[in-house]
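In: Sequence first, predicted coordinates after that:
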There are 2 protein chains.
Amino acid sequence: MFRKFYRTIAASPPRILVLGFAAIIFLGAGLLMLPFSHANGEAPRFIDALFTATSATCVTGLVVVDTGTYWTMAGQIIILSMIQIGGLGFMTMATLFAIFLKRRISLKERLVLQEAFNQTSIEGIIRLVRKVVIYALTIELVGAVLFSIRFMFDMPVGEAIYKGIFHAVSFFNNAGFDIMGDYRSLVDYVGDPLVNIVTMLLIILGGLGFVVLADLVDIRNPKRKLSLHSKVVLSMTGFLIVAGAVVILLFEFSNGRTMGPLNFGEKLLAAFMQSVSPRTAGVNTVDLAGLRQATQFVIVILMFIGASPGSTGGGIKTTTFTALVGAVIAMVRGKEDVVLFKYRLAQERVYKALTVTLFAFGLVILATMILSTTEDHHFLMILFEVTSAFGTVGLTMGLTTQLTLAGKIIIILMMFIGRLGPLTLTYALGPKQGRLMYRNAEGKIIIG
Amino acid sequence: MFRKFYRTIAASPPRILVLGFAAIIFLGAGLLMLPFSHANGEAPRFIDALFTATSATCVTGLVVVDTGTYWTMAGQIIILSMIQIGGLGFMTMATLFAIFLKRRISLKERLVLQEAFNQTSIEGIIRLVRKVVIYALTIELVGAVLFSIRFMFDMPVGEAIYKGIFHAVSFFNNAGFDIMGDYRSLVDYVGDPLVNIVTMLLIILGGLGFVVLADLVDIRNPKRKLSLHSKVVLSMTGFLIVAGAVVILLFEFSNGRTMGPLNFGEKLLAAFMQSVSPRTAGVNTVDLAGLRQATQFVIVILMFIGASPGSTGGGIKTTTFTALVGAVIAMVRGKEDVVLFKYRLAQERVYKALTVTLFAFGLVILATMILSTTEDHHFLMILFEVTSAFGTVGLTMGLTTQLTLAGKIIIILMMFIGRLGPLTLTYALGPKQGRLMYRNAEGKIIIG
Ligand SMILES: [K+]
Ligand SMILES: [K+]
């Protein structure tokens, strides 16, 4: 049975991924329509159930109804299941894809993954999937325990444990769903060190990607060094978090609507949380609509860059961004190669980074333009919403609940394409077997 | 003397260009401060004179005071001189740069320009400069005559001729300055076919770049075909104009604040004018602040793309945009080469396109972020203004006259960098002599 499964996804993995996600979404939407899912009398409109199911399965976190009050516990568990399946499923598939991609190239190119898992046989894949699940559940369990203990100070034990589990799973999967009620996210805990630090760790660990997690665990082995991929992911992640936090702290320091009333320690926590979360968790501890425009724009950029490949997060990915920055630096210095940690990057990778970015950029522009005609709101609010959906972030300046029907459909599509597009595109863009027999003559145009 | 001049600019052309432009700007600003330049009693503040001089020399067209009423005829002629020197000077220098760049590469690569001018000796350069001036003055003269005849119906003959000359020079140089008064630009002529068509032709001819103009004139020779560069410029220019006009027509058809009250013919004219002008002339016939957000955003994109290399226009350039689009298409199709009109583009060119674009994009983002903190206006209004300054377009949603001092300084810098940056950057990015002796080992990261 596993052999058949292996052959099927090896034959056309992107199709399996897209169809699988669509099936889970429609199944989830159907379940959410049933009476036991929603707290008030009448059933939700199908578009709202579909929106919620897409948002959960694509671990986005944009919601048209408040998760904590609109859905019953049964509904919330259905949502949490979609988050877990969507998050882990994507993480596993993306990791498998990376292995398949390697296999399609050449023996020489079997690097990071092969080393980490030794073989890509069926046994190797079963071992990989098991490892992904164990890693994820372990991290979620630790987070859930810490959250539950903290929440016990504010609510009954049963409720604290339930909320602890829900938020640990949601945050590790970068899903951004919360059941605090009233679309509050973690605003009530803006100054709470434990909640903030646990949340940020869950988000960051979920966003590093399985390959990097496995690499980090393996590092105890004195003979192994971090792979180039892990070094790039870790350093770019660190840089973006710190740079984002510094900029947000500066811009919002005296903003009365957000961080102004907080003491310095709370300001620091809030700045780091608002810097970590856009990539691409979707949790917020301050009112995003109250941020200065400059800060909102910084968050848009962070949302666009997103997390790392093969993780629970979205966006164009840290490695893609690093490749682009590297290409610009190399050109400005007049060098031919993009060099990261003393290794040069194949031009084909830099090209791929360019393609993924332009694809993402074009899509965000197109959707923003369409929503500008269907929604009667400020441009930045719309750009924010579209980028949030594409990057499967889940942050909003308040547009989600006011979306028109057309707007909801566009955002649903953006969440779906944003989650699956870049990966399937990258896969489809894998180098083909064999080379061109015929090549056109070179022509010249003047650039710039 | 010419021999010395030749050797000097050949030694460090970008420095000459940057210093020359800065000198013209400060000289012009000084002249504008003098009593005979301004119509009302007191002298302008230096920052406003500097802003105007930068805008004129960089052929941008953003103005903090109304050109038609604030300045005397003497002041207007100073401005027009800066436009002519800035526009033609840049056009000539950019064309020369392209020749120098070719020479630095190899004999084989002497293509388009060498063919057009036969040699790059001193005599060749004098001939080139003469040819640029003749082309420009001829086109401006025809435009001026047509404008003057049309304006004679509305005003005294002397005024009509003066305004005809001013606007022909301003529009061919893609400068966007007008002396209609009250910041009106061509709004009064929204439905006038002659004014609109002449204006659009001036803008388009100025924006094609000298190489393409020379190539077009040469086409009468039956033995010569259009160069690849010219084909790319002409087809992308045509595509952007038509696509932009269609989108603007659709979005604004029933907008009461812009094209709603016009009849169909006038609507067509207005749609084409508002599509042609953002690349990068800066003339408008409808109220830009009244456009729908989606249309304003389309204009931002057109402004960012801009005109063609070695022209009077700005932006990242049509060829750069074509290279990017070509790269994405090639990747999606799984091809290795970017093929345009059956010629493949060197990877080095595609890289250059990527670099120029990312540089431009980073700069626009940075300036938008800074202005978001210094100006108290909507994000799109700020993004529009910054892109307009960077692309030396000159369109505004009304922010220019309300800029703070800090805002004015940023916009001045953006106009200057936007005009000279991409060219000097491209020049600096020219392939270096010799190759690397040492190359790093190839490393792998996962993209997307
Ligand atoms: K999310
Ligand atoms: K202009």
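Out: Ah, there it is. Ligands and ions are numbered 1, 2, ... in the order given.
In: alpha carbons only for contacts and neighbour counts from here, please
Out: OK.
In: Residues of the stretch 1-150 of chain A that sit close to ligand 1?
Out: A:Thr60 (CA under 5 Å from the ion).
In: residues touching the closest residue to A:Phe177 other than its chain neighbours, list them.
Out: With CA to CA, 6 or more residues apart in numbering or on different chains as the measure, A:Gly61 is the residue that lies nearest to A:Phe177, at 4.9 Å, once sequence neighbours are left out. Applying CA atoms under 8 Å, 6 or more residues apart in numbering or on different chains to A:Gly61 gives the contacts A:55, A:175-177, A:282, A:392-395.
In: Please save the CA atoms from stretch A:295-304 in CSV.
Out: In CSV, the C-alpha atoms belonging to stretch A:295-304 read as follows (Å, rounded to 0.1, in the frame of the first residue of the first chain):
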residue,chain,number,x,y,z
THR,A,295,4.7,50.3,10.6
GLN,A,296,1.8,48.7,8.7
PHE,A,297,3.9,48.8,5.5
VAL,A,298,6.9,47.2,7.3
ILE,A,299,4.5,44.4,8.4
VAL,A,300,3.4,44.0,4.7
ILE,A,301,7.0,43.5,3.7
LEU,A,302,7.6,41.0,6.5
MET,A,303,4.4,39.1,5.5
PHE,A,304,5.6,39.0,1.9
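In: ok, that stretch near ligand 1 or not?
Out: No - under the criterion of CA under 5 Å from the ion, ligand 1 is not reached by stretch A:295-304; the shortest gap measures 9.7 Å.
In: Closest residue of the stretch 51-200 of chain A to ligand 2?
Out: The stretch 51-200 of chain A approaches ligand 2 most closely through A:Leu62 (41.2 Å), counting by CA to the ion.
In: can you tell me which residues contact A:Gly181?
Out: For A:Gly181, counting by CA under 8 Å, 6+ apart, the contacting residues are A:66-69.
In: for these, which one is nearest chain B?
Out: A:Asp66 (28.6 Å; CA to the nearest CA).
In: quick one, phi/psi of the closest one?
Out: phi -70, psi 120 (degrees, to the nearest 10).
In: For the helix or strand A:Val129 falls within, buried residues please.
Out: According to DSSP states H and E, A:Val129 maps onto helix A:122-151. Using 16 or more other CA atoms under 10 Å in any protein chain shown as the test for burial, helix A:122-151 gives A:125, A:128-129, A:131-132, A:135-137, A:139-141, A:143-148, A:150-151.
In: For chain B, see how far away A:Ala323 is.
Out: 8 Å (CA to the nearest CA, to the nearest Å).
In: quick one: A:Ser148 and A:Asp154, what's the gap?
Out: 10 Å (CA to CA, to the nearest Å).
In: Point out where the stretch 301-448 of chain A drops to low pLDDT.
Out: Across the stretch 301-448 of chain A, the ranges flagged by pLDDT under 70 are A:334, A:422-423, A:425-448.
In: Tell me which stretches of it form strands.
Out: A:338-340, A:343-345, A:442-443 (DSSP state E, counting those that start in this stretch).
In: how about CSV for those strands, with mean neighbour count added?
Out: Putting these into CSV (neighbours: other CA atoms under 10 Å in any protein chain shown) gives the following:
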stretch, mean neighbour count
strand A:338-340, 22
strand A:343-345, 18
strand A:442-443, 16
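In: rewinding a little: could you look up the SS state of the residue nearest to A:Phe177?
Out: coil (DSSP: H, G, I helix; E, B strand; the rest coil).
In: re the thing from before, same for the helix holding A:Val129, what does it pack against?
Out: Packing partners of helix A:122-151 (3 or more CA pairs under 8 Å, 6 or more residues apart in numbering or on different chains; DSSP states H and E): helix A:2-11, helix A:73-105, helix A:157-172, helix A:193-208.
In: And the next helix-or-strand element following the last one, what's buried?
Out: Think helix A:193-208. Counting by DSSP H and E, the next helix or strand C-terminal to helix A:193-208 is helix A:210-218. Neighbour-count burial for helix A:210-218, counted by 16+ other CA under 10 Å, picks out A:210-215.
In: any chance of the residues you listed in JSON lines, plus pLDDT?
Out: As requested, these are exported to JSON lines (pLDDT from 0 to 100):
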{"residue": "A:Phe210", "pLDDT": "82"}
{"residue": "A:Val211", "pLDDT": "80"}
{"residue": "A:Val212", "pLDDT": "86"}
{"residue": "A:Leu213", "pLDDT": "85"}
{"residue": "A:Ala214", "pLDDT": "81"}
{"residue": "A:Asp215", "pLDDT": "81"}
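In: got a list of what A:His38 touches?
Out: A:His38 touches A:32, A:44, A:70-72, A:75, counting by CA under 8 Å, 6+ apart.
In: State the phi and psi torsions of the nearest residue to it once chain neighbours are set aside.
Out: Nearest residue to A:His38 in three dimensions, chain neighbours excluded: A:Trp71, at 4.2 Å (CA to CA, 6+ apart). Dihedral angles of A:Trp71 (phi, psi; degrees, to the nearest 10) stand at phi -100, psi 150.
In: Just to check, A:Trp71 is in contact with A:Leu34?
Out: No - using CA atoms under 8 Å, A:Trp71 is not in contact with A:Leu34; the gap is 10.9 Å.
In: Tell me which of these two has more neighbours.
Out: More crowded of A:Trp71 and A:Leu34, by other CA atoms under 10 Å in any protein chain shown: A:Trp71, with 22 against 13.
In: measure the more buried one to A:Thr400 for me?
Out: 17 Å.
In: Now do the same contact list for whichever residue of the stretch 251-400 of chain A sits closest to ligand 2.
Out: Scanning the stretch 251-400 of chain A for the residue nearest ligand 2 gives A:Ile365, at 24.1 Å (criterion: CA to the ion). Counting by CA under 8 Å, 6+ apart, A:Ile365 touches no other residue.
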